[in-house]
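got a sequence here, can you build the structure:
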Amino acid sequence: MKNMPLVAVAYYSREQWLRLKEIADDKKSLDKRYEDWLSGWHRFWKHSPYPKSCLIKVDVDVSELAGWCLARNRPLDSSARSEFVAEKIKTQDSIAPQ
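Residues are numbered from 1 along each chain as shown. Got it, this is the predicted structure:
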């Protein structure tokens, strides 16, 4: 279990989700409603193929994400969001699974 990788799982508050829906380059692929996204997030968290000890909930600030994408000249899409949260857990001083 010690060698299991940490898995960053992006989490958005309602406010951040609504902001993401406004500016994401792939907004059409996102759930239409926050409640639908949140339900899917909880389903993944509960039934993840990864051990709970490997999951790290990452609260995403969409302004920070947008700045990150801009600095790298990347579209704000699912690939960028995944890379952003993975990078976030690498740069945190202390990481504790949720």
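
going forward, measure contacts between C-alpha atoms and count neighbours the same way
Fine.

what segments of the protein are strands?
Using DSSP state E, the strands of the chain run over 7-11, 55-59.

now those strands as CSV including mean neighbour count, distance to residue 84 and mean pLDDT?
Below are these laid out as CSV (neighbours: other Cα atoms under 10 Å; distance: least, Cα to Cα, whole Å; pLDDT from 0 to 100):
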stretch, mean neighbour count, distance to residue 84, mean pLDDT
strand 7-11, 19, 9, 93
strand 55-59, 18, 10, 93
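
what about those strands, which gets the closest to residue 36?
Residue 36 lies closest to strand 7-11 among the strands of the chain, at 13.2 Å (Cα to Cα).

only C-alpha atoms, please: export the closest one in PDB.
The C-alpha trace of strand 7-11 is given here as PDB (Å, rounded to 0.1, in the frame of the first residue of the first chain):
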ATOM      1  CA  VAL A   7      -4.800  10.200  -7.000                       C
ATOM      2  CA  ALA A   8      -5.900  13.800  -7.100                       C
ATOM      3  CA  VAL A   9      -9.600  14.300  -7.300                       C
ATOM      4  CA  ALA A  10     -10.800  17.700  -8.300                       C
ATOM      5  CA  TYR A  11     -13.600  19.200  -6.200                       C
END
